[in-house]
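> no FASTA, just this:
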(Lines give C-alpha, C1' and ligand atoms only; values in the text may rest on other atoms or scores of the structure.)
Protein backbone atom coordinates (compact mmCIF):
# COMPACT_ATOMS: atom_id res chain seq x y z
CA UNK A 1 0.00 0.00 0.00
CA UNK A 2 1.19 3.47 -0.91
CA UNK A 3 0.45 6.75 0.87
CA UNK A 4 -1.60 9.31 -1.04
CA UNK A 5 -3.19 11.55 1.60
CA UNK A 6 -1.85 14.65 3.26
CA UNK A 7 -1.65 12.82 6.58
CA UNK A 8 0.98 10.05 6.62
CA UNK A 9 0.19 8.76 10.12
CA UNK A 10 -3.38 8.04 11.10
CA UNK A 11 -5.41 5.82 13.37
CA UNK A 12 -8.96 5.25 14.48
CA UNK A 13 -11.89 2.94 14.87
CA UNK A 14 -12.58 0.82 11.79
CA UNK A 15 -15.71 0.99 9.69
CA UNK A 16 -15.82 -0.96 6.43
CA UNK A 17 -17.16 -1.03 2.90
CA UNK A 18 -16.87 -4.02 0.60
CA UNK A 19 -17.37 -3.14 -3.05
CA UNK A 20 -15.98 -4.11 -6.43
CA UNK A 21 -15.43 -1.40 -9.03
CA UNK A 22 -18.28 0.71 -7.61
CA UNK A 23 -18.30 3.26 -4.82
CA UNK A 24 -21.78 4.46 -3.73
CA UNK A 25 -21.24 3.15 -0.19
CA UNK A 26 -17.82 4.80 -0.01
CA UNK A 27 -19.47 8.15 -0.67
CA UNK A 28 -22.30 7.39 1.77
CA UNK A 29 -19.83 6.53 4.53
CA UNK A 30 -17.67 9.62 3.97
CA UNK A 31 -20.75 11.87 4.03
CA UNK A 32 -21.19 10.88 7.69
CA UNK A 33 -19.32 12.52 10.56
CA UNK A 34 -16.03 10.65 10.73
CA UNK A 35 -15.30 11.23 14.43
CA UNK A 36 -11.68 10.21 13.82
CA UNK A 37 -12.58 6.84 12.31
CA UNK A 38 -10.82 5.02 9.48
CA UNK A 39 -12.80 3.76 6.50
CA UNK A 40 -11.43 0.45 5.22
CA UNK A 41 -12.57 -0.23 1.65
CA UNK A 42 -12.16 -3.70 0.19
CA UNK A 43 -12.30 -3.17 -3.56
CA UNK A 44 -11.09 -6.68 -4.35
CA UNK A 45 -7.65 -5.29 -5.31
CA UNK A 46 -9.05 -4.15 -8.65
CA UNK A 47 -6.74 -1.92 -10.64
CA UNK A 48 -9.33 -1.25 -13.39
CA UNK A 49 -10.86 1.90 -11.84
CA UNK A 50 -10.60 4.22 -8.83
CA UNK A 51 -12.83 3.95 -5.77
CA UNK A 52 -11.75 7.29 -4.29
CA UNK A 53 -10.96 10.67 -5.84
CA UNK A 54 -10.27 14.20 -4.69
CA UNK A 55 -13.92 15.08 -4.00
CA UNK A 56 -14.40 12.14 -1.64
CA UNK A 57 -11.02 12.71 0.03
CA UNK A 58 -11.93 16.36 0.62
CA UNK A 59 -15.29 15.26 2.04
CA UNK A 60 -13.49 12.85 4.38
CA UNK A 61 -11.16 15.58 5.65
CA UNK A 62 -14.03 18.06 6.10
CA UNK A 63 -16.17 15.50 7.93
CA UNK A 64 -13.47 14.48 10.40
CA UNK A 65 -12.27 11.12 9.11
CA UNK A 66 -8.75 10.17 10.19
CA UNK A 67 -8.02 7.99 7.18
CA UNK A 68 -9.08 5.70 4.36
CA UNK A 69 -7.45 2.42 3.38
CA UNK A 70 -8.41 1.23 -0.11
CA UNK A 71 -7.74 -2.27 -1.36
CA UNK A 72 -7.93 -0.82 -4.85
CA UNK A 73 -7.06 2.41 -6.62
CA UNK A 74 -7.50 6.14 -6.16
CA UNK A 75 -7.47 8.97 -8.68
CA UNK A 76 -6.59 12.66 -8.45
CA UNK A 77 -3.62 11.64 -6.30
CA UNK A 78 -1.89 15.02 -6.41
CA UNK A 79 -5.04 16.72 -5.15
CA UNK A 80 -5.67 14.06 -2.49
CA UNK A 81 -2.21 14.84 -1.05
CA UNK A 82 -3.43 18.36 -0.18
CA UNK A 83 -6.13 17.18 2.25
CA UNK A 84 -5.61 16.49 5.95
CA UNK A 85 -6.67 12.86 5.80
CA UNK A 86 -4.63 9.67 5.55
CA UNK A 87 -5.13 7.67 2.36
CA UNK A 88 -3.48 4.35 1.59
CA UNK A 89 -4.22 2.43 -1.60
CA UNK A 90 -2.53 -0.05 -3.90
CA UNK A 91 -2.23 2.38 -6.80
CA UNK A 92 -3.84 4.94 -9.05
CA UNK A 93 -6.17 4.79 -12.02
CA UNK A 94 -7.80 7.73 -13.85
CA UNK A 95 -11.16 6.00 -14.48
CA UNK A 96 -14.10 6.60 -12.12
CA UNK A 97 -15.86 3.58 -10.68
CA UNK A 98 -19.40 2.61 -11.61
CA UNK A 99 -22.44 3.21 -9.42
CA UNK A 100 -24.38 0.05 -10.26
CA UNK A 101 -23.86 -2.16 -7.18
CA UNK A 102 -23.41 -0.49 -3.81
CA UNK A 103 -21.67 -3.39 -2.06
CA UNK A 104 -21.83 -4.09 1.69
CA UNK A 105 -21.31 -1.83 4.69
CA UNK A 106 -19.84 -2.65 8.10
CA UNK A 107 -19.08 -6.29 7.39
CA UNK A 108 -15.77 -7.98 8.11
CA UNK A 109 -13.35 -7.58 5.21
CA UNK A 110 -10.07 -9.38 4.67
CA UNK A 111 -7.13 -8.49 2.44
CA UNK A 112 -3.34 -8.41 2.59
CA UNK A 113 -3.53 -11.22 5.14
CA UNK A 114 -5.45 -9.05 7.62
CA UNK A 115 -9.03 -9.18 8.91
CA UNK A 116 -10.65 -5.78 9.45
CA UNK A 117 -13.62 -5.97 11.83
CA UNK A 118 -15.90 -2.97 12.29
CA UNK A 119 -15.22 -1.60 15.76
CA UNK A 120 -11.58 -2.72 15.82
CA UNK A 121 -8.78 -0.14 15.61
CA UNK A 122 -6.25 0.51 12.89
CA UNK A 123 -2.91 2.30 13.16
CA UNK A 124 -1.14 3.30 9.93
CA UNK A 125 2.12 5.00 9.05
CA UNK A 126 4.81 4.82 6.38
CA UNK A 127 5.87 1.38 7.62
CA UNK A 128 2.47 -0.28 7.30
CA UNK A 129 -0.82 -0.96 9.01
CA UNK A 130 -1.55 -2.63 12.36
CA UNK A 131 -5.01 -3.76 13.43
CA UNK A 132 -6.00 -4.29 17.08
CA UNK A 133 -9.22 -5.57 18.60
CA UNK A 134 -9.12 -2.78 21.21
CA UNK A 135 -7.88 0.78 21.27
CA UNK A 136 -4.14 0.80 22.01
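That came through, no problem. Computed from a predicted model, the values in this text were never measured in an experiment. Residues are numbered from 1 along each chain as shown.

> show me the contacts for residue 73.
43, 46-47, 49-51, 89-93 (C-beta atoms under 8 Å, 6 or more residues apart in numbering). In this view, the C-beta of every residue, glycine as well, is placed from N, C-alpha and C.

> Mind doing that once more with 7 Å?
Contact analysis of residue 73 by C-beta atoms under 7 Å, 6 or more residues apart in numbering lists 47, 49-51, 89-93.

> Of the residues you listed, just say which sits nearest to residue 132.
Residue 132 has its nearest neighbour among the contacts of residue 73 in residue 89, at 21.8 Å by C-beta to C-beta.

> Please look at the closest one and residue 76 and confirm they touch.
No: judged on C-beta atoms under 7 Å, residue 89 makes no contact with residue 76 at a distance of 11.7 Å.

> who has more neighbours, those two?
Under the criterion of other C-beta atoms under 10 Å, the comparison of residue 89 against residue 76 puts residue 89 first, with 26 against 19.

> what's the neighbour count on the nearest residue to the more buried one once chain neighbours are set aside?
The shortest distance from residue 89 to any non-neighbouring residue, by C-beta to C-beta, 6 or more residues apart in numbering, is to residue 70 (4.0 Å). The number of residues packed near residue 70 is 25, by other C-beta under 10 Å.

> Please identify the helix or strand for residue 70.
strand 67-74 (DSSP states H and E).

> ditto for residue 107
Take DSSP H and E as the rule and residue 107 turns out to sit in neither a helix nor a strand.

> Over to residue 40?
strand 38-42.

> ditto for residue 59
helix 54-62.

> Same question for residue 28.
helix 24-31.

> Can you name every helix or strand that that helix contacts?
Counting contacts by 3 or more C-beta pairs under 7 Å, 6 or more residues apart in numbering; DSSP states H and E, helix 24-31 is packed against strand 10-18, strand 38-42, helix 54-62.

> who does the first one pair up with?
Sheet partners assigned to strand 10-18 using DSSP bridges are listed as strand 38-42 (parallel), strand 104-105 (antiparallel), strand 121-125 (antiparallel).

> For residue 5, find the nearest of those.
Using C-beta to C-beta, the strands paired with strand 10-18 put strand 121-125 closest to residue 5, at 9.9 Å.
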